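# test case, fold it:
(4 chains)
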There are 2 protein chains.
Amino acid sequence: MTDIFFNVKKHSDHQKFLKGMELLYFGYRDFISWPDDVLQTYGFGRAHHRILHFVGRNPGLKVAELLKLLNITKQSLSRVLSTLVEKGHVRQDIGTIDRRQRLLHLTEQGQNLLDKITEHQKEHMLKAFEKAGEQSVEGFWKVLSALIADENRTEILDRVNKDMGE
Amino acid sequence: MTDIFFNVKKHSDHQKFLKGMELLYFGYRDFISWPDDVLQTYGFGRAHHRILHFVGRNPGLKVAELLKLLNITKQSLSRVLSTLVEKGHVRQDIGTIDRRQRLLHLTEQGQNLLDKITEHQKEHMLKAFEKAGEQSVEGFWKVLSALIADENRTEILDRVNKDMGE
DNA sequence: TAAATATGTCAACATGACTGACATATTTTT
DNA sequence: AAAAATATGTCAGTCATGTTGACATATTTA
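I've put the predicted structure just below:
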């Protein structure tokens, strides 16, 4: 299997599509389901995880930027973000340049929670990378980048590449 | 960017993890959101799409198998599957060997709907594959396969590889 | 005949999305 | 200075999709 299975040339366009689609579905599913247990003990869900992640990765993130990253409405964000703020995981600083803005930061508590959630997921992904090999990781990144909608790509890739400069 | 961005060696483990995770999130998000418009005109959602896909790919699929592929409870499935059956997109044949089983098939109508949904998504993914190159597609598949939970991998890869034999 | 299995259904509930309308504080434009 | 635009927040109702628990039916297996 290991050989024929991954041999792109031996696939028709439709087969390539099916394989890509199904592997993306199952891989994503099994990767994303990891942190659920940790989250549940805190009464949080995946929505909270996403916020913790993006705020952690982008300290000082504005609410409007977070909304764009999550692709949801402010009303949806509100409930989830509010509980994170109430429970002391996220801090909202008033913008210094524009006082209407709320700049989001993780508190120490929030960072600890994020680290705990991340732990397993990080291990899981790095194991997969090791198993597949460096060359494959590069391909993985390239295809996913190409899957991002054209109108979002530049902005998203800039953000993804943040703090990875050479 | 194109160079440094995808150069795996220039990344720490943590950076690799972050990049993999974020690209997976955004790539999956933008890929999966395509069919929504088509679906909505029929009053269907993503859950319906998943059923149509797996039944279409595996004619004669048993309900229990579908449940396992979707990782949901039969109560959840019931509502969605029922509407698909009622509206004539999915047919439930009584098993010939075991008459308790319901073997699922797409009707012609169901196949037409699936084709319509699939159209854009297929184009989107094949474009991404072309852009990234064959070598990358292989890596994409390999990493995703490695991301599937160990206890599921063999069975899922068998199913993904169905009708792609050499 | 009894137990196990495959499927379906009723009811209540949780999460995380949505829309629409409105409120407040602050900045920008006129 | 007043008016308009912007960033954020909130109330209220709705929807899609998942959950648990309990129970029902038909069929196969022990």
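
# pLDDT value on the spatially closest residue to residue A:36 that is not a sequence neighbour, please?
Sequence neighbours aside, residue A:46 is the residue nearest to residue A:36 in space, at 7.5 Å (criterion: Cβ to Cβ, 6 or more residues apart in numbering or on different chains). To be clear about C-beta, it is placed using only N, CA and C from the backbone, and glycine gets the same treatment. On the pLDDT scale, residue A:46 is placed at 94.

# which residues touch residue A:46?
A:32, A:35-36, A:39 (Cβ atoms under 8 Å, 6 or more residues apart in numbering or on different chains).

# which of these fall in helices?
The helices, defined by DSSP state H, take in A:32, A:36, A:39 from the contacts of residue A:46.

# drop anything exposed from those residues.
A:32, A:39 (16 or more other Cβ atoms under 10 Å in any protein chain shown).

# out of the ones in helices among the contacts of residue A:46, which is nearest to chain B?
When those are ranked by distance to chain B (Cβ to the nearest Cβ), residue A:32 comes first, at 8.5 Å.

# in a markdown table: the ones in helices among the contacts of residue A:46, plus pLDDT and distance to DNA strand C.
Shown next, in a markdown table, are those (pLDDT from 0 to 100; distance: Cβ to the nearest atom of the strand, whole Å):
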| residue | pLDDT | distance to DNA strand C |
| --- | --- | --- |
| A:32 | 92 | 12 |
| A:36 | 74 | 9 |
| A:39 | 90 | 8 |
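
# got a list of what the closest residue to residue A:106 other than its chain neighbours touches?
Spatial nearest neighbour of residue A:106, excluding adjacent residues (Cβ to Cβ, 6+ apart): residue A:56 at 5.0 Å. Residue A:56 makes contacts with A:106, A:110-111, A:114, as judged by Cβ under 8 Å, 6+ apart.

# neighbours of residue A:137, how many?
Burial of residue A:137 is recorded as 25 neighbouring residues (other Cβ atoms under 10 Å in any protein chain shown).

# keeping just the C-alphas, turn the strand or helix carrying it into CSV.
Residue A:137 belongs to helix A:134-147 when assigned by DSSP states H and E. What follows is helix A:134-147, C-alpha atoms only, in CSV (Å, rounded to 0.1, in the frame of the first residue of the first chain):
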residue,chain,number,x,y,z
GLU,A,134,10.5,16.8,5.9
GLN,A,135,9.8,16.7,2.2
SER,A,136,6.2,15.7,2.9
VAL,A,137,5.8,18.5,5.4
GLU,A,138,6.8,21.0,2.8
GLY,A,139,4.2,19.6,0.4
PHE,A,140,1.6,19.6,3.2
TRP,A,141,2.2,23.3,3.8
LYS,A,142,2.2,24.1,0.1
VAL,A,143,-1.1,22.4,-0.7
LEU,A,144,-2.8,23.9,2.3
SER,A,145,-1.6,27.3,1.4
ALA,A,146,-3.0,26.8,-2.1
LEU,A,147,-6.3,25.7,-0.6
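
# output the below-cut-off pLDDT ranges for chain A.
Residue ranges of chain A with pLDDT under 70: A:1-2, A:166.

# can you lay out the ones in helices among the contacts of residue A:46 as TSV showing distance to DNA strand D?
Formatted as TSV, these follow (distance: Cβ to the nearest atom of the strand, whole Å):
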residue	distance to DNA strand D
A:32	13
A:36	10
A:39	14
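
# check contacts around the closest residue to residue A:21 other than its chain neighbours.
Counting by Cβ to Cβ, 6+ apart, residue A:21 lies nearest to residue B:125, which is 6.5 Å off, once chain neighbours are set aside. Each residue near residue B:125 by Cβ under 8 Å, 6+ apart is listed here: A:16-17, A:20-21, A:147, B:31.

# neighbour-wise, which of these leads?
residue A:147 (27 neighbours).

# name the nearest residue to that residue, sequence neighbours excluded.
residue B:27 (3.9 Å).

# so the one you found is in which element?
helix B:13-32.

# how about the CA coordinates for that helix, as CSV?
The C-alpha trace of helix B:13-32 is given here as CSV (Å, rounded to 0.1, in the frame of the first residue of the first chain):
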residue,chain,number,x,y,z
ASP,B,13,9.6,22.2,16.3
HIS,B,14,7.2,24.7,17.8
GLN,B,15,7.2,26.8,14.6
LYS,B,16,6.5,23.7,12.6
PHE,B,17,3.6,22.8,14.8
LEU,B,18,2.2,26.3,14.6
LYS,B,19,2.5,26.5,10.9
GLY,B,20,1.0,23.1,10.4
MET,B,21,-1.9,23.8,12.7
GLU,B,22,-2.8,27.2,11.3
LEU,B,23,-2.5,26.1,7.7
LEU,B,24,-4.6,23.1,8.4
TYR,B,25,-7.2,25.3,10.0
PHE,B,26,-7.4,27.9,7.3
GLY,B,27,-7.0,25.4,4.4
TYR,B,28,-9.7,23.2,5.7
ARG,B,29,-12.0,26.2,6.5
ASP,B,30,-11.8,27.6,3.0
PHE,B,31,-12.1,24.2,1.3
ILE,B,32,-15.1,23.2,3.3
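
# what's around the closest residue to DNA strand C within chain A, how many residues?
Nearest to DNA strand C, among the residues of chain A, is residue A:45, at 1.7 Å (Cβ to the nearest atom of the strand). Using other Cβ under 10 Å, the number of residues around residue A:45 comes to 12.
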